[in-house]
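> coordinates for the following, if possible.
(one chain, ligands or ions: 1)
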Amino acid sequence: MTYTLYAAPGACSRVPMMALEEAGAEFRIELVRFMKGAHRSPDYLALNPAGKVPLLVTPDGPLSENVAIALYLAGRYPGLLPAMDDAYAAAQVTANLAFCSSTLHPIVTRIRMPMFMADGDEAVASVREKAMVAMAPFAKLVDEKIGEGPWWYGADWSIQDAYVYWVWFRITGAGFDGTPYPNWAAHAARMEARDSVARALERDAALQAQLEEEGLAPPMR
Ligand SMILES: N[C@@H](CCC(=O)N[C@@H](CS)C(=O)NCC(=O)O)C(=O)O
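This is a model prediction of the structure:
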């Protein structure tokens with residue numbers, strides 16, 4: 001097997017999962033059981049000292065961070081991201097990925113897991129409310145960028161689409177009102193209709209089913 005993806009259901013490991021499916025790459029998934037603290041085990045920390053998913057074990061070695069994994073996979077499977085044949089083009093593609101990982105993802109976490117950021121019901125509710133407010137202008141930006149699409153970069157699908165789709169799934173699943181963002185909603189529907197994405201979602205659902213069977217599943221939202 002060429003790649004092993006360490007993943008948890010619903011987590012941002014869905015992004016490389018979609019990319020690997022789109023590329024037609026051969027890969028297996030290693031389920032990370034957060035509720036058992038598997039991501040803090042010495043074996044896992046040896047591969048990814050940050051204790052996060054995704055982690056992709058490649059023929060070149062282990063790789064963490066969604067942005068790096070996306071750039072690596074695009075290097076191996078041209079077409080997963082736009083051409084990066086000059087420094088500025090490469091930087092722009094990286095900036096868009098980093099917008100997802102560094103700007104959007106921390107807000108997603110505050111919407112979904114405000115209890116990790118504050119103590120007490122009132123403070124927790126306040127973190128979540130502020131994150132909802134913080135997300136709104138960025139959601140508008142994503143919606144405008146997608147426009148008629150069909151994809152972030154126009155005619156060609158890319159890992160950037162996988163990334164914004166994961167953000168959409170997470171925030172709308174946690175109560176963020178998506179109705180002011182019809183382009184992003186239509187993009188999500190197009191994603192779900194795409195074969196590679198559907199296959200990735202099936203794999204992710206199988207991980208969730210596995211955790212449920214083991215009594216280790218937080219609710220999938
Ligand atoms: N900067 C990392 C963030 C990864 C991340 O936050 N992953 C979350 C799941 S979406 C995680 O592993 N959380 C487990 C924890 O923090 O305990 C990336 O973009 O890959």
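
> when you work out contacts or count neighbours from here on, use the C-alpha atoms and nothing else.
Fine.

> give the contact list for residue 158.
By Cα atoms under 8 Å, 6 or more residues apart in numbering, residue 158 lies in contact with 79-82, 151-152.

> from those residues, pick the one nearest residue 204.
residue 80 (20.3 Å; Cα to Cα).

> hmm, back to that, would CSV of the contacts of residue 158 with pLDDT be doable?
Output for the contacts of residue 158, formatted as CSV (pLDDT from 0 to 100):
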residue, pLDDT
79, 96
80, 98
81, 98
82, 98
151, 98
152, 98
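
> ranges for the strands of this structure?
3-7, 27-31, 55-58, 61-64 (DSSP state E).

> partner strands of the second one, with direction?
When pairing is defined by DSSP bridges, strand 27-31 lines up against strand 3-7 (parallel).

> so is the strand it pairs with next to the ligand?
No. Strand 3-7 lies out of reach of the ligand by Cα under 6 Å from any ligand atom, never closer than 8.3 Å.

> then stretch 171-178?
No. On the criterion Cα under 6 Å from any ligand atom, stretch 171-178 is out of touch with the ligand, staying 12.1 Å away.

> now distance to residue 143 too, for the strands of the chain, in a markdown table please.
Compiled in a markdown table, these are given as follows (distance: least, Cα to Cα, whole Å):
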| stretch | distance to residue 143 |
| --- | --- |
| strand 3-7 | 28 |
| strand 27-31 | 32 |
| strand 55-58 | 29 |
| strand 61-64 | 28 |
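
> any idea of the mean pLDDT in the longest helix seen in the chain?
Criterion DSSP state H: the longest helix present in the chain is helix 121-146. The average of the pLDDT scores along helix 121-146 is 98.

> remind me what it packs against, helices and strands.
helix 105-112, helix 182-193 (3 or more Cα pairs under 8 Å, 6 or more residues apart in numbering; DSSP states H and E).

> figure out which of those helices is closest to the ligand.
Shortest distance between the ligand and the helices and strands packed on helix 121-146, using Cα to the nearest ligand atom, is found for helix 105-112: 7.5 Å.

> so is that closest one next to the ligand?
No. If you take Cα under 6 Å from any ligand atom as the test, helix 105-112 misses the ligand, and the best it gets is 7.5 Å.

> please export the C-alpha coordinates of that helix as PDB.
Only the C-alpha atoms of helix 105-112 are listed here, as PDB (Å, rounded to 0.1, in the frame of the first residue of the first chain):
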ATOM      1  CA  HIS A 105     -10.000  26.100  10.800                       C
ATOM      2  CA  PRO A 106      -9.400  27.800  14.200                       C
ATOM      3  CA  ILE A 107     -12.800  29.500  13.900                       C
ATOM      4  CA  VAL A 108     -14.300  26.100  13.100                       C
ATOM      5  CA  THR A 109     -12.800  24.700  16.300                       C
ATOM      6  CA  ARG A 110     -14.300  27.500  18.300                       C
ATOM      7  CA  ILE A 111     -17.700  26.900  16.800                       C
ATOM      8  CA  ARG A 112     -17.600  23.200  17.300                       C
END
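
> now do that helix and helix 121-146, the angle between them.
Computed with axes from the mean of the first three to the mean of the last three Cα atoms, to 10 degrees, the direction of helix 105-112 lies at 130 degrees from that of helix 121-146.
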